[in-house]
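**Student:** Could you look at this predicted model? Sequence included:
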Amino acid sequence: MIFMKNTVNMGLIGFGTIGSGVVETLNMNLPLIEDKVKKTVKLKKVVDLDIVTDRGVQVNPKVLSTDVNDVLEDPEIDIVIELIGGYQPALNFILKAIENGKHVVTANKALLAKHWEEIMDAARKNEVRVCFEASVGGGIPLLEPLNDSLAANQIESIYGIINGTANYILTKMSEEGRPFEEVLKKAQELGYAEQDPTFDVEGYDTAQKLIILTILGFGVYLKQEKFHVEGISRITPDDIQFASKEMDCVIKLLAISQLVDGELEVRVHPTLVPEEHLLAAVKGVFNGVYMVGDVVGPVLMYGRGAGMLPTASAVVSDCMDIIEYPKKPLLYGPQKPPVQNIKRMDAVESRYYLRITAIDQPGVLHAISGILSDLNISLESVNQPKRDEGQEVPIFMVTHYAKERDMIRALEKIKLFKFVTQDTVFIRLL
């Protein structure tokens, strides 16, 4: 589809927070948008199950509808914006739009992560574009620069803080010394966390976004069940305090995708980040993605990863890109990636921080260090606060580089000691 006509019509499915932001963005900046694309841009239809509730934005009542076919089946609508989220009926709506020759803009990272191949195959077959800048990092210009501006580079590594809820919680735990549950409750009261926060704090949202980053960075589509995903709910103020005072590090929930000797590592987990690293300064609800290209070197993208207007900014910009470049090919990610293999998590090598909770009695350190030594894990430091003998005490350890499989085996053996009273917390170092 080439936009030969002077007016480009858009249809919006989903008039929630982000949908309202799209309407508001067009209200604010339509003359600017039209001047840049050299077309008349019209939001012809807005579809939602609820068209009665006041969204706080100005919209012509005549464009509102509860019938999705008013968008999908209208031959005059050129671009469909899907903002309802979830898997169904969003997938059916997007596939129907594509089948009808319409370009698609979506912020639906869950749908893309699960149904990437089906959606992109349909888009290629029907020669339309699917754009999704808002699916990762909200309003941060991230995916388009990765796909286009860094196209001359082989991407070597991507490290992302891409969930504002988790980052807010870890930031407040660090600044205020409060436990996870207490900070989570406050985040829920402020609207930064859902009433069921599992998706955010256990790393699943981050994992879905990492799938998209990995496609663009390395040309590899990897489903979520194929890589390691771990959240932040076991992190305590003790861990954060030790990281800061003894290691000059902060704890972040990182999305990691990197090439190591031709093998691609893809993982999500809490990570100790040195304070001098640029990602250490990404605080609160902000997002940051740190990428390294073989030509450009390190690049940091930083900004608000969510919110009505920041996310709407990315959605509307995608629409503008389609209007200007409707025939741009769907060649996301390297076409011949140098990825020889996907590295298993148990083969990953890292330095580790350990917090072992044990009864303070003679022989404890000797027994634990013996297990680690037997599995080729050497210690860089050991720190044990002074307590009265017989009391429960945390033992903090930092290792040199070790294989994940050896660390897991060591922790399984350490858990069997009667003097160990809790599961050991271990955090990998960047």
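**Tutor:** Looks like it came in fine. Numbers count the residues shown, from 1 in each chain.
**Student:** Does residue 43 fall in a helix, a strand, or a coil region?
**Tutor:** With DSSP: H, G, I helix; E, B strand; the rest coil as the basis, residue 43 sits in strand.
**Student:** And it, what's its pLDDT?
**Tutor:** We note a pLDDT of 97 for residue 43 in this prediction.
**Student:** Correct me if wrong: it contacts residue 13.
**Tutor:** No. Between residue 43 and residue 13 there is no contact under CB atoms under 8 Å: 11.9 Å. In short, each C-beta sits where N, CA and C put it, glycine included.
**Student:** between the two, who's got more neighbours?
**Tutor:** Applying other CB atoms under 10 Å to residue 43 and residue 13 shows that residue 13 carries more neighbours, namely 26 against 21.
**Student:** ok, that one to residue 78 distance?
**Tutor:** 14 Å (CB to CB, to the nearest Å).
**Student:** ditto for residue 20
**Tutor:** Applying CB to CB to residue 20 and residue 78 gives a distance of 22 Å.
**Student:** So the two - more neighbours on which side?
**Tutor:** residue 78 (26 against 22).
**Student:** Report all helices and strands that the longest helix along the chain contacts.
**Tutor:** The helix spanning the most residues in the chain, taking DSSP state H as the definition, is helix 17-37. If you count contacts as 3 or more CB pairs under 8 Å, 6 or more residues apart in numbering; DSSP states H and E, helix 17-37 packs onto strand 7-13, strand 40-47, helix 308-324.
**Student:** at 10 Å instead, please
**Tutor:** strand 7-13, strand 40-47, strand 79-82, helix 308-324 (3 or more CB pairs under 10 Å, 6 or more residues apart in numbering; DSSP states H and E).
**Student:** how about the CA coordinates for that helix, as PDB?
**Tutor:** Extracted in PDB, the C-alpha atoms of helix 17-37 (Å, rounded to 0.1, in the frame of the first residue of the first chain):
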ATOM      1  CA  THR A  17      -5.100   4.800  29.100                       C
ATOM      2  CA  ILE A  18      -2.800   4.500  26.100                       C
ATOM      3  CA  GLY A  19      -5.600   4.900  23.600                       C
ATOM      4  CA  SER A  20      -6.600   8.100  25.400                       C
ATOM      5  CA  GLY A  21      -3.000   9.200  25.100                       C
ATOM      6  CA  VAL A  22      -3.100   8.700  21.400                       C
ATOM      7  CA  VAL A  23      -6.200  10.800  21.100                       C
ATOM      8  CA  GLU A  24      -4.600  13.500  23.300                       C
ATOM      9  CA  THR A  25      -1.400  13.500  21.200                       C
ATOM     10  CA  LEU A  26      -3.300  14.000  18.000                       C
ATOM     11  CA  ASN A  27      -5.300  16.800  19.700                       C
ATOM     12  CA  MET A  28      -2.100  18.500  20.800                       C
ATOM     13  CA  ASN A  29       0.200  18.100  17.800                       C
ATOM     14  CA  LEU A  30      -1.900  17.200  14.700                       C
ATOM     15  CA  PRO A  31      -0.700  20.300  12.700                       C
ATOM     16  CA  LEU A  32       2.900  19.300  13.500                       C
ATOM     17  CA  ILE A  33       2.300  15.700  12.600                       C
ATOM     18  CA  GLU A  34       0.600  16.500   9.300                       C
ATOM     19  CA  ASP A  35       3.400  19.000   8.400                       C
ATOM     20  CA  LYS A  36       6.000  16.300   8.900                       C
ATOM     21  CA  VAL A  37       4.300  13.500   6.900                       C
END
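**Student:** In that helix, which residues are buried?
**Tutor:** For helix 17-37, a neighbour-count test (16 or more other CB atoms under 10 Å) marks 18, 19, 20, 21, 22, 23, 24, 25, 26, 33, 34, 37 as buried.
**Student:** ok, so of the residues you listed, who is nearest residue 197?
**Tutor:** Of all the buried residues of helix 17-37, residue 197 sits closest to residue 18, with 19.8 Å by CB to CB.
**Student:** Wait, a helix at residue 280?
**Tutor:** Yes. Assessed with three-state DSSP, residue 280 lies in a helix.
**Student:** Identify the residues contacting it.
**Tutor:** 161, 248, 249, 250, 251, 252, 272, 273, 274, 288, 430 (CB atoms under 10 Å, 6 or more residues apart in numbering).
**Student:** Report the buried members of the residues you listed.
**Tutor:** 161, 249, 250, 251, 252, 272, 273, 288, 430.
**Student:** which residues do residue 43 and residue 13 both contact?
**Tutor:** residue 81.
**Student:** those helices in the stretch 151-300 of the chain, which residues are they?
**Tutor:** 164-176, 180-190, 198-201, 204-218, 237-247 (DSSP state H, counting those that start in this stretch).
**Student:** Can you show me the CA trace of the longest one as PDB?
**Tutor:** Included here for helix 204-218 are C-alpha records, laid out as PDB according to Å, rounded to 0.1, in the frame of the first residue of the first chain:
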ATOM      1  CA  TYR A 204       7.700 -12.100  33.200                       C
ATOM      2  CA  ASP A 205       7.000  -8.600  31.700                       C
ATOM      3  CA  THR A 206      10.800  -8.100  31.400                       C
ATOM      4  CA  ALA A 207      11.100 -11.400  29.600                       C
ATOM      5  CA  GLN A 208       8.500 -10.600  27.000                       C
ATOM      6  CA  LYS A 209      10.300  -7.400  26.200                       C
ATOM      7  CA  LEU A 210      13.600  -9.100  26.100                       C
ATOM      8  CA  ILE A 211      12.200 -11.500  23.400                       C
ATOM      9  CA  ILE A 212      11.600  -8.500  21.200                       C
ATOM     10  CA  LEU A 213      15.000  -6.900  21.900                       C
ATOM     11  CA  THR A 214      16.700 -10.300  21.100                       C
ATOM     12  CA  ILE A 215      14.900 -10.500  17.700                       C
ATOM     13  CA  LEU A 216      16.000  -7.000  16.700                       C
ATOM     14  CA  GLY A 217      19.500  -7.300  18.200                       C
ATOM     15  CA  PHE A 218      20.500 -10.800  17.100                       C
END
